[in-house]
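*Asks:* after the sequence you'll find the predicted model.
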Amino acid sequence: MFIISVIQIVQDAMTDLFEKYKTMMQSLAYSILKDHQLSEDAVQEALIRLSRNKDKIGNIDSKETKSYIYTVTKNEALRLAQKEKTRKNLNIIIIHCRKSFKWIVIKVKDQINVLLTDHLAGSRFI
């Protein structure tokens, strides 16, 4: 019974923290990512990190707590921005050629311009 009470207190504290700072967190993440879905992902990841490091959070209304939440949210948004940039730069097509039984990786920049010859007939794309 005691453990359930402690868990409920921690969940309530995280809910209070999110309710108090959600607008700041969402605005900050969006200002970095310029994408609503990625911003939501960044805020969610920030909340997970905050819950794992709840011992670093003191008074929910303190300037230190606000700064800590700001920093965690900013770092998560920057991490996702870097991940998204890498993903966009690594546009690739992976083809399995049934004739040679090899995997072929074709790097693609802005447009996909791939000519499939008889050599690749019957290949599957992943």
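*Replies:* Nice, thanks for sending it over.
*Asks:* which residues in the protein form helices?
*Replies:* Here the chain has its helices, by DSSP state H, at 2-33, 36-52, 63-89.
*Asks:* deepest-packed of these, please.
*Replies:* helix 36-52 (a mean of 17; mean count of other Cβ atoms under 10 Å). Where you see a C-beta, it was placed from the backbone N, CA and C, and this is true even at glycine.
*Asks:* give the other helices and strands that it contacts.
*Replies:* helix 2-33, helix 63-89 (3 or more Cβ pairs under 8 Å, 6 or more residues apart in numbering; DSSP states H and E).
*Asks:* I'd like those helices as JSON lines, with distance to residue 40 and mean pLDDT appended.
*Replies:* Output for those, formatted as JSON lines (distance: least, Cβ to Cβ, whole Å; pLDDT from 0 to 100):
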{"stretch": "helix 2-33", "distance to residue 40": "8", "mean pLDDT": "77"}
{"stretch": "helix 63-89", "distance to residue 40": "10", "mean pLDDT": "88"}
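*Asks:* residue 48 is nearest to which of the ones you listed?
*Replies:* Comparing the helices and strands packed on helix 36-52 against residue 48 with Cβ to Cβ, the closest turns out to be helix 63-89 (8.9 Å).
*Asks:* what angle sits between that closest one and helix 36-52?
*Replies:* Orientation check (axes from the mean of the first three to the mean of the last three Cα atoms, to 10 degrees): helix 63-89 against helix 36-52 gives 130 degrees.
*Asks:* care to break the protein down by domain?
*Replies:* The record's domain parsing of the chain by automatic domain parsing lists 2-89, 92-125.
*Asks:* list the contacts for residue 69?
*Replies:* For residue 69, the contacting residues are 17, 21, 24-25, 46, 50, 57, by Cβ atoms under 8 Å, 6 or more residues apart in numbering.
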